[in-house]
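A.B. asks: What follows is a predicted structure for the sequence shown.
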Amino acid sequence: MRTATISRKTSETSVDVTVNLDGTGSYTVSTGIGFFDHMLEQLSRHSLIDMEVKTVGDLHIDQHHTVEDTGLAIGEAIAKALGDKKGIRRYADALSPMDETLARVAIDISGRPFLVWKTEFSQKRLGEMDTEMFEHWFHSFAQTAGVTLHVETLYGGNNHHIAEAAFKGLARALREAIEIDPRKADAIPSTKGVL
């Protein structure tokens, strides 16, 4: 089983994350930010990664530390669960439609963290979540997961749909990229022999 647990404790947050990459998409998520919980639930459900996330953060200040540290911990847990990455497909992309919105997400589990973010919001908040924090979450996740990640909204108008299409697109791409390729299950997918 490709599983991992990460506990990240700072003076600003306490984050506990457990993932099972070969799960069914079951989840328990609590961050104190309702809309953020909803997005992480979508990530779990559509990637089929079982995910337990418990974050207690300094929300009396703002959402920055809570969102950032949750992204760092989830990324770290996924990287740890992947181990040496032997047999994974590595590359994947997904088109994610949600009503009038279409997002495109591409991922390379390369060991080289990078984010290209081409997504904009026309309002500052969704529920109680600051929309500027979505890019920061994806950046934090990419850093510790060790992935190259491209997220682009091709078109769309509804801010809820724009955010959800991005998370669902990541989920679908991640699901494919972490799958074991039966044709090369014993090999690391790189000519370098390491990722």
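C.D. replies: Sure thing, it's come through.
A.B. asks: what stretches of the protein score poorly on pLDDT?
C.D. replies: Applying pLDDT under 70 to the chain picks out no residues at all.
A.B. asks: and if we set it to 90?
C.D. replies: Applying pLDDT under 90 to the chain flags residues 1.
A.B. asks: Show me where it has its strands.
C.D. replies: Here the chain has its strands, by DSSP state E, at 3-9, 13-20, 27-30, 50-57, 91-98, 101-108, 114-118, 125-126, 129-130, 148-155.
A.B. asks: Take the ones you listed and write them to JSON lines, including distance to Pro182 and mean neighbour count.
C.D. replies: For every residue, glycine as well, the C-beta is placed using N, CA and C. As requested, the strands of the chain are exported to JSON lines (distance: least, C-beta to C-beta, whole Å; neighbours: other C-beta atoms under 10 Å):
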{"stretch": "strand 3-9", "distance to Pro182": "21", "mean neighbour count": "15"}
{"stretch": "strand 13-20", "distance to Pro182": "20", "mean neighbour count": "21"}
{"stretch": "strand 27-30", "distance to Pro182": "27", "mean neighbour count": "16"}
{"stretch": "strand 50-57", "distance to Pro182": "22", "mean neighbour count": "20"}
{"stretch": "strand 91-98", "distance to Pro182": "16", "mean neighbour count": "18"}
{"stretch": "strand 101-108", "distance to Pro182": "20", "mean neighbour count": "21"}
{"stretch": "strand 114-118", "distance to Pro182": "29", "mean neighbour count": "14"}
{"stretch": "strand 125-126", "distance to Pro182": "40", "mean neighbour count": "18"}
{"stretch": "strand 129-130", "distance to Pro182": "40", "mean neighbour count": "20"}
{"stretch": "strand 148-155", "distance to Pro182": "24", "mean neighbour count": "18"}
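A.B. asks: Format those as JSON lines; extra columns: distance to Met39.
C.D. replies: Converted to JSON lines, these look like this (distance: least, C-beta to C-beta, whole Å):
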{"stretch": "strand 3-9", "distance to Met39": "19"}
{"stretch": "strand 13-20", "distance to Met39": "15"}
{"stretch": "strand 27-30", "distance to Met39": "9"}
{"stretch": "strand 50-57", "distance to Met39": "11"}
{"stretch": "strand 91-98", "distance to Met39": "12"}
{"stretch": "strand 101-108", "distance to Met39": "13"}
{"stretch": "strand 114-118", "distance to Met39": "15"}
{"stretch": "strand 125-126", "distance to Met39": "9"}
{"stretch": "strand 129-130", "distance to Met39": "8"}
{"stretch": "strand 148-155", "distance to Met39": "13"}
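A.B. asks: Might one say that Val67 is in contact with Phe138?
C.D. replies: No - contact criterion C-beta atoms under 8 Å: Val67 and Phe138 do not qualify, at 10.2 Å.
A.B. asks: Please name the nearest non-neighbouring residue to Val67.
C.D. replies: Leaving aside its sequence neighbours, Val67 sits nearest to Met133 (C-beta to C-beta, 6 or more residues apart in numbering; 4.5 Å).
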